[in-house]
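Asks: quick check, what structure comes out for this input:
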Amino acid sequence: MSEAMAQDRVSLPLGFDIPEGWVPVDPASVGAEGAVFVAVHSGPAEEFTPNITLSVGQRPDQAQITDIADEAVERLGRTMAALEVVRRKVIGTPVAPGVTQVLRIRTGEGQDLVQTQVQLTVPGASPAERLILEIACTAAPEAARRLGDDFRRFVGSVHVR
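Replies: Numbers count the residues shown, from 1 in each chain. Have a look, this model is predicted:
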């Protein structure tokens, strides 16, 4: 989420289905204090533990969803040695637009990872009450291929109660 969103964290009654093999953890325990939900994959031991994060932030400005996706890339890029947007697609409707994007990243330790991000709009009663859900799955490239269906199922199950 952008800095504006970080200071305006909100709680939202969300529902979702956690795919088999994923274990919820306390976001703070894995350094994801801004997230409202984090799950890690309990599969084979790997150097990098695959994770799914979900964040919610209020976005009262008029930024387009593609600008919000650009901000997410910029924010992540500040903490990585390298970052490349491999693919991006605008999804949703004009009232509730979204973006999916796949990023190839290299950590400062030289580890190659893939992060799939989804930004979804939750319209409010007024434009100033708009919320953005940011859902991400981060894994090593081979694990990302193997776990992609799990992430798609998770994203597809997210709903406001």
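Asks: could you use CA atoms for every contact and neighbour count after this?
Replies: Will do.
Asks: least confident secondary structure element in the chain?
Replies: helix 3-7 (a mean of 38; mean pLDDT, DSSP states H and E).
Asks: the longest helix along the chain packs against which elements?
Replies: Selection of the longest helix in the chain by residue count, based on DSSP state H, yields helix 141-157. Counting contacts by 3 or more CA pairs under 8 Å, 6 or more residues apart in numbering; DSSP states H and E, helix 141-157 is packed against strand 112-122, strand 131-139.
Asks: compile these into a markdown table and extend it with columns for mean pLDDT.
Replies: Listed next are the helices and strands packed on helix 141-157 as a markdown table, based on pLDDT from 0 to 100:
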| stretch | mean pLDDT |
| --- | --- |
| strand 112-122 | 97 |
| strand 131-139 | 96 |
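Asks: what would those strands look like in CSV with distance to Ala69 and mean neighbour count?
Replies: Output for the helices and strands packed on helix 141-157, formatted as CSV (distance: least, CA to CA, whole Å; neighbours: other CA atoms under 10 Å):
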stretch, distance to Ala69, mean neighbour count
strand 112-122, 7, 22
strand 131-139, 9, 23
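Asks: for those, which one sits closest to Phe48?
Replies: strand 131-139 (6.7 Å; CA to CA).
Asks: hmm, who's touching that closest one?
Replies: 1, 48-60, 113-124, 144, 151, 155 (CA atoms under 8 Å, 6 or more residues apart in numbering).
Asks: where's that strand relative to the chain centroid, distance-wise?
Replies: 1 Å (CA atoms, centre = their mean, to the nearest Å).
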